[in-house]
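Output the structure for:
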Amino acid sequence: MDLQTSQCLALPRASLSALRAALIRDTGGGYAAYLQEAGYAGGEAIFFGVPVVAR
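Numbers count the residues shown, from 1 in each chain. Below is the predicted model of the structure:
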């Protein structure tokens with residue numbers, strides 16, 4: 001995927017883990033709603049922008 005021509009942003013897994021930990025710390029049980037809302041906001045770009053890797 002060419003990040004320069006797409007509207008996607010690459011973040012390391014550690015950054016996402018830190019964001020999740022901060023949301024849990026600051027919002028308690030409400031963190032899931034924030035992550036869900038962010039996922040919906042990304043919509044199709046996230047769904048089709050993430051390559052599927054066979055394991």
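
So for the protein, the centremost residue is which one?
Centroid-nearest residue in the chain: residue 39, 6.4 Å away (criterion: C-alpha atoms, centre = their mean).

Centre of the chain to the strand or helix carrying it, how far?
Using DSSP states H and E, residue 39 falls within helix 31-49. Here helix 31-49 is found 7 Å from its chain centre; the criterion is C-alpha atoms, centre = their mean, to the nearest Å.

Can you dump the C-alpha atoms of it in PDB for me?
This file holds the C-alpha atoms of helix 31-49, laid out as PDB (Å, rounded to 0.1, in the frame of the first residue of the first chain):
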ATOM      1  CA  TYR A  31     -13.400   3.100  26.100                       C
ATOM      2  CA  ALA A  32     -15.000   0.600  23.800                       C
ATOM      3  CA  ALA A  33     -17.500   3.100  22.500                       C
ATOM      4  CA  TYR A  34     -14.700   5.500  21.500                       C
ATOM      5  CA  LEU A  35     -12.800   2.800  19.700                       C
ATOM      6  CA  GLN A  36     -15.900   1.700  18.000                       C
ATOM      7  CA  GLU A  37     -16.800   5.200  16.900                       C
ATOM      8  CA  ALA A  38     -13.200   5.700  15.500                       C
ATOM      9  CA  GLY A  39     -13.600   2.400  13.500                       C
ATOM     10  CA  TYR A  40     -16.900   3.500  12.100                       C
ATOM     11  CA  ALA A  41     -15.400   6.900  11.200                       C
ATOM     12  CA  GLY A  42     -12.700   5.200   9.200                       C
ATOM     13  CA  GLY A  43     -15.400   3.000   7.500                       C
ATOM     14  CA  GLU A  44     -14.600   1.700   4.100                       C
ATOM     15  CA  ALA A  45     -11.000   3.100   4.000                       C
ATOM     16  CA  ILE A  46     -10.100   0.900   7.000                       C
ATOM     17  CA  PHE A  47     -11.900  -2.100   5.800                       C
ATOM     18  CA  PHE A  48     -10.400  -2.100   2.400                       C
ATOM     19  CA  GLY A  49      -7.100  -0.500   3.300                       C
END
